[in-house]
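**Student:** Requesting a structural model of the entry that follows:
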Amino acid sequence: MLPELAETQARGEIARIYAELRELCAVPYVSSLHRHLATRPGWLEWCWSAVRPAFVSGQAQRAAWAAAADVQVAPLPPLSHGALRLLGVDAAAEAHIRAVCESFVRVSPTNLMFVALVRAQLGRAREADRGRAPPAWTPPPALPALPAMVDMQHASAPLREALLSLSNTVAEQPFVPGLYRMLAHWPAYLAHVATVLGPRFSDPHTTAACHGIADRVDAASAGVLAALPPAPIAPPRPPAGEHGEVLELMTRYRKTSPEMVLFGTLLRDALPSVTACPARPAPRGPRSPRSASRRRTRGA
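**Tutor:** Residues are numbered from 1 along each chain as shown. All right, here's what the predicted structure looks like:
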């Protein structure tokens with residue numbers, strides 16, 4: 001697995017950046033992309049300073065959420081409350097699962113935008129900080145706290161096998177997205193997820209939908225970049241010899257993040273409707289990243 005700096009271990013400037021990422025992306029955790037960059041000396045500090053104005057203004061998030069909002073693939077089979085109970089998911093767990101899915105639908109487009117802007121800023125000439133304050137913007141309310149990610153090293157052999165079946169390869173190492181590591185708290189449900197999503201990894205319609213999400217966010221990043229000041233001199237730009245490896249790693253997220261948008265949407269929409277369980281209202285995300293309704297997927 002890729003090395004990461006856990007949120008509980010962050011100190012000083014890294015802790016401050018983590019807090020801003022949570023606030024501005026309106027999610028209760030920091031993505032694995034940023035947790036990994038934090039293990040590389042100077043990288044997270046420089047990347048965040050280079051793109052921060054676009055996130056403080058909300059332009060990056062709004063553009064990313066709008067670009068990733070349209071999910072056009074066949075839905076997953078819907079699950080009833082009874083089926084969920086047989087899978088070991090009670091009412092409280094159902095609310096947690098819905099929040100997990102909502103969180104990844106919300107944060108994954110902003111990760112794509114972050115990657116696109118960082119790549120562009122690395123290619124720009126250096127410039128002293130202009131001191132231009134970004135316009136005020138209020139992020140949407142954050143989603144509720146999520147379950148911790150299951151530690152792969154302490155997972156049982158069957159659970160680890162299920163998780164690895166949902167993994168990608170990043171930097172020649174298996175990478176299991178946080179979505180699945182959180183859902184692993186309910187092993188029978190995760191087994192269901194692995195079963196229904198497995199065929200989608202090689203499905204051409206799903207692949208095309210993921211490419212479409214990434215392409216739309218990339219296209220939207222051009223407008224965001226146009227209003228973004230060139231990267232400042234301080235903090236120091238990471239050594240040029242490290243750029244290729246980090247950019248290659250970021251390119252992998254261009255594959256994983258669209259999957260999180262798509263599969264997070266499909267898993268969320270396969271849950272029983274919120275109106276069917278009025279006693280436990282589900283957390284809602286910002287308007288832009290969520291699909292308008294299940295009919296979007298059904299109509300594909």
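
**Student:** Tell me the first helix or strand C-terminal of the helix or strand harbouring Val217.
**Tutor:** Per DSSP states H and E, Val217 falls inside helix 204-226. Following the chain from helix 204-226 toward its C-terminal end, the next helix or strand by DSSP H and E is helix 243-270.

**Student:** So which elements touch that following helix?
**Tutor:** Using 3 or more Cβ pairs under 8 Å, 6 or more residues apart in numbering; DSSP states H and E as the contact criterion, the secondary-structure elements in contact with helix 243-270 are helix 32-37, helix 91-123, strand 168-170, helix 178-183, helix 187-197, helix 204-226, helix 294-298. Backbone N, C-alpha and C define where each C-beta goes, glycine included.

**Student:** how about the ones you listed, which one is nearest Cys47?
**Tutor:** Across the helices and strands packed on helix 243-270, Cys47 has its closest neighbour in helix 91-123 (4.9 Å, Cβ to Cβ).

**Student:** between that closest one and helix 243-270, how big is the angle?
**Tutor:** Here helix 91-123 points in a direction 150 degrees away from that of helix 243-270 (axes from the mean of the first three to the mean of the last three Cα atoms, to 10 degrees).

**Student:** next one: helix 91-123 to chain centre, how far?
**Tutor:** What separates the centre of helix 91-123 from the centre of its chain is 2 Å, taken as Cα atoms, centre = their mean, to the nearest Å.

**Student:** Now the element after that helix, going C-ward?
**Tutor:** With elements assigned by DSSP H and E, the helix or strand that comes after helix 91-123 is helix 157-164.

**Student:** residue nearest the centroid of the protein?
**Tutor:** Within the chain, the residue whose C-alpha comes closest to the C-alpha centroid is Ser108; the distance, by Cα atoms, centre = their mean, is 2.6 Å.

**Student:** Next, the contact list for that residue, please.
**Tutor:** By Cβ atoms under 8 Å, 6 or more residues apart in numbering, Ser108 lies in contact with Ala68, Ser257, Pro258, Met260, Val261, Gly264.

**Student:** which of those residues are buried?
**Tutor:** Those of the contacts of Ser108 that meet the buried threshold are Ala68, Ser257, Pro258, Met260, Val261, Gly264, by 16 or more other Cβ atoms under 10 Å.

**Student:** Quick check, pLDDT for the last one.
**Tutor:** As summarised for this prediction, Gly264 has a pLDDT of 97.

**Student:** Ok, Pro134 next?
**Tutor:** pLDDT recorded at Pro134 is 71.

**Student:** and the nearest residue to it once chain neighbours are set aside, how many neighbours?
**Tutor:** Nearest residue to Pro134, sequence neighbours excluded (Cβ to Cβ, 6 or more residues apart in numbering): Ser57, at 3.9 Å. By other Cβ atoms under 10 Å, 19 other residues sit near Ser57.

**Student:** Would you mind measuring from Ser57 to Thr39?
**Tutor:** 28 Å (Cβ to Cβ, to the nearest Å).

**Student:** quick revisit: which ones are touching the residue nearest to Pro134?
**Tutor:** Contacts here follow Cβ under 8 Å, 6+ apart; on that basis Ser57 touches Pro134, Pro135, Trp137, Ala227.

**Student:** Find the nearest non-adjacent residue to the last one, please.
**Tutor:** The shortest distance from Ala227 to any non-neighbouring residue, by Cβ to Cβ, 6+ apart, is to Gln59 (6.5 Å).

**Student:** likewise Trp137?
**Tutor:** Using Cβ to Cβ, 6+ apart and skipping the chain neighbours, the partner closest in space to Trp137 is Gly58 (3.3 Å).

**Student:** And for Ala162?
**Tutor:** If you skip the residues right next to it in sequence, Ala162 has Ala194 as its closest partner in space, 4.7 Å away by Cβ to Cβ, 6+ apart.
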